[in-house]
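Peer 1: structure of the sequence below:
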Amino acid sequence: MNLTPDIDWQFIASGPAWIRHLVGVIASLTLFSVLWYFFIMPVRSGNQATHQQIMTAQILSDGYRRQLATLPLAEQLIDRVQRLKEQHQPHRYRSSLTAKLTQQVTDYVKLSGGQLIGLKRQPTVADEDAGFIVYRWQLNIKASYFQFFEFIQLINKGTRLFTIENLTMVGEAGRLNLTISLSLYQLNMED
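Peer 2: Residues are numbered from 1 along each chain as shown. This next block holds a predicted model:
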């Protein structure tokens, strides 16, 4: 038994028309199938991947649009920031001298390299008989040991008489959280 078929090309070439047409159709279908598999299928799968990416991008952009729609307008944000800035001005006091003194204290913190976390002004004490006014602040500072030492030196170098009435230090990862009660003794002069 012979498993390899022998094709009689003379019979096909001179045979009936339907055999000649069938051979042409089979050859065309085989060529088309090979072209489809090697050229069109990769392009089609690439198009499907691109379409999937486009759908994902559209879903993300829809989510971003919804988030953007919930955000307030830029003008509203600017107004809100302005209101918060007006509410949070630690140096806004009745007396311009008090504002200057408070600014001087915060400048000492900045010059020392420390970070001012909080500043709370305590009530001013005026001693009419002695002729001086005592200004008091509660400072919360975050600084290293050297920055704290620099802050103390700046206070001592100034022409005003600052005193530290209470000092609390808490160490955290090479930095100190300092709570300082600072007083300034000023001669009683009119603003």
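
Peer 1: make it CA atoms for all contacts and neighbour counts henceforth
Peer 2: OK.

Peer 1: can you give me the strands in the protein?
Peer 2: With strands called from DSSP state E, the chain shows them at 115-127, 132-143, 161-172, 175-187.

Peer 1: okay if I get these as JSON lines plus mean pLDDT, mean neighbour count and distance to residue 25?
Peer 2: JSON lines is the format used below for the strands of the chain (pLDDT from 0 to 100; neighbours: other Cα atoms under 10 Å; distance: least, Cα to Cα, whole Å):
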{"stretch": "strand 115-127", "mean pLDDT": "83", "mean neighbour count": "14", "distance to residue 25": "86"}
{"stretch": "strand 132-143", "mean pLDDT": "87", "mean neighbour count": "20", "distance to residue 25": "87"}
{"stretch": "strand 161-172", "mean pLDDT": "86", "mean neighbour count": "13", "distance to residue 25": "85"}
{"stretch": "strand 175-187", "mean pLDDT": "86", "mean neighbour count": "18", "distance to residue 25": "86"}
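
Peer 1: ok, residue 180 touching residue 142?
Peer 2: No - at 11.0 Å, residue 180 does not count as touching residue 142 under the criterion of Cα atoms under 8 Å.

Peer 1: mind listing what residue 59 touches?
Peer 2: Contact analysis of residue 59 by Cα atoms under 8 Å, 6 or more residues apart in numbering lists nothing.

Peer 1: the lowest-mean-pLDDT helix or strand in the chain packs against which elements?
Peer 2: Sorting the helices and strands of the chain by mean pLDDT, DSSP states H and E puts helix 9-14 at the bottom, at a mean of 72. Contacts defined by 3 or more Cα pairs under 8 Å, 6 or more residues apart in numbering; DSSP states H and E place helix 9-14 against helix 17-35.
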